[in-house]
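J.: The sequence and its predicted three-dimensional model are supplied below.
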Amino acid sequence: MTVYAIRKVLIGIPVLIAVVTLVFLITRLTPGDPVRQLLPPDASEADVIQMRKYLGLDQSLPQQYFRYWERILHGDFGNSIRTRRPVWDELVSRIPYTAELALVAIILSALIGVPIGVYSAIRQNTVFDGVMRVAAFVGVSFPSFWLGTMLILLFALWLGWLPASGCDGPLWTLAGFRSVLLPALTLAIGSAASISRMTRSSMLEVIRQDYITVAKAKGLRESRVHWKHSLKNGFIPVLTLLGMQFGFLLGGAVIAETIFAWPGLGQLAVKAIMFRDYPLIQGIVFFFAASVVLVNLLVDLSYVFIDPRVTTS
């Protein structure tokens, strides 16, 4: 198990290097000068040169690149160009909000998608199955910005059940839980649709196996056969998708956080892009990439505990 985990981590290192390199090049080659945005319009050329030197932007592209990696290896992501605060401090202050939002969204996705997928597989080609398949297709097609706006109109403005924006406290408080529901539901609907389709497909493969027929012939309750045996043996593809969706939710929360004024990394990323804040953009992307690699590692390791037939050799 340890060797397997180390091998997976080593595979993830080139992914992080490639992502950081790509983002570094894109941010540097995108039109716009962060120095001009920081300084007042009447700043002299001498002030611009001095500020560019202070930020290290006067160096060549290779020099900036290797200097950035040197800092990362020492645990230093640099300072934000806009706020002058360390990038790590900016990330630490926002990570809990994004993690909370993604966690609630993935739980809602599983609670909605898995039961629908199981029941659709059990009742294959029925009216319920047909309706759920159409609903899943529609759910995947909804743009997040449109869905979030519709949820605000319905639950915040018309019904007045939930707050329209902001974070009103920690998740374990009633106010905090109510404030996270709308942005989490915005992210969860599309994920739940994908999860329900994957669950249905995986279940259809399992329930046709001989051991499922034998279990039913022994007189076991149908619900026990499907929920304990069928779902467990067909859960690995669903778990893989859940891991991928969690990584997607971490990175895809940018739109939802912007719509709902959620104080997470997504909202911070939008501001960093607007101000051409290179160190902050690179730090946010590095965190997202590292999170995806870590989640995929945990998902791969969990296969062994879910299905004993899976080995790490």
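T.: Cool, got the structure. Numbers count the residues shown, from 1 in each chain.

J.: P34 is in contact with R276, correct?
T.: Yes - contact between R276 and P34 holds when scored by CB atoms under 8 Å: they sit 3.8 Å apart. C-beta coordinates here come from the backbone N, C-alpha and C atoms, glycine included.

J.: what do these two both touch?
T.: I81 (CB atoms under 8 Å, 6 or more residues apart in numbering).

J.: do you know how far G266 is from D277?
T.: 15 Å (CB to CB, to the nearest Å).

J.: again with T2
T.: From T2 over to D277 the distance is 39 Å, taken as CB to CB.

J.: Who has more neighbours out of those two?
T.: Each of T2 and D277 has its neighbours counted (other CB atoms under 10 Å); D277 has more, 26 against 7.

J.: From L39, how far out is the more buried one?
T.: 15 Å.

J.: In the stretch 101-250 of the chain, what residue spans correspond to helices?
T.: With helices called from DSSP state H, counting those that start in this stretch, the stretch 101-250 of the chain shows them at 127-141, 144-151, 174-206, 210-217, 222-224, 231-233, 235-259.

J.: Buried ones in the second one, by neighbour count?
T.: When you say that, I think you mean helix 144-151. Using 16 or more other CB atoms under 10 Å as the test for burial, helix 144-151 gives 144, 147-148, 151.

J.: Which of these sits closest to A253?
T.: S144 (9.2 Å; CB to CB).

J.: so what's the closest one up against?
T.: S144 touches 186-187, 190, 252, 255-256, 259, counting by CB under 8 Å, 6+ apart.

J.: tell me which residues of stretch 36-53 are tucked away?
T.: For stretch 36-53, a neighbour-count test (16+ other CB under 10 Å) marks 38-39, 51-52 as buried.

J.: Extract the C-alpha trace of stretch 221-229 and format it as CSV.
T.: Presented in CSV, the C-alpha positions along stretch 221-229 are these (Å, rounded to 0.1, in the frame of the first residue of the first chain):
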residue,chain,number,x,y,z
ARG,A,221,-35.1,-9.0,0.2
GLU,A,222,-34.8,-7.2,-3.1
SER,A,223,-33.8,-4.0,-1.4
ARG,A,224,-31.0,-5.8,0.5
VAL,A,225,-29.7,-7.4,-2.7
HIS,A,226,-29.6,-4.1,-4.6
TRP,A,227,-28.4,-1.7,-1.9
LYS,A,228,-25.9,-4.0,-0.2
HIS,A,229,-24.6,-6.3,-2.9
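
J.: how much space between T213 and S230?
T.: Relative to S230, T213 is positioned 11 Å away (CB to CB).

J.: Likewise for A253?
T.: To S230, A253 is 33 Å away according to CB to CB.

J.: go on, A215?
T.: Here the criterion is CB to CB. By it, A215 lies 9 Å from S230.

J.: Could you check which of those two has the larger neighbour count?
T.: The residue with more neighbours, out of A215 and S230, is S230; 26 against 19, by other CB under 10 Å.

J.: isn't the more buried one right next to V206, touching?
T.: Yes - here S230 reaches V206: they are 4.7 Å apart, a contact under CB under 8 Å.

J.: Please identify every residue contacting each of those two.
T.: Common neighbours of S230 and V206 (CB under 8 Å, 6+ apart) are I212.

J.: Can you name the residues that contact F155?
T.: F155 neighbours (CB under 8 Å, 6+ apart): 161-162, 182.

J.: give me that answer again for 10 Å
T.: By CB atoms under 10 Å, 6 or more residues apart in numbering, the contact set of F155 is 161-164, 178, 181-182, 185.

J.: Fine by me, we can end here.
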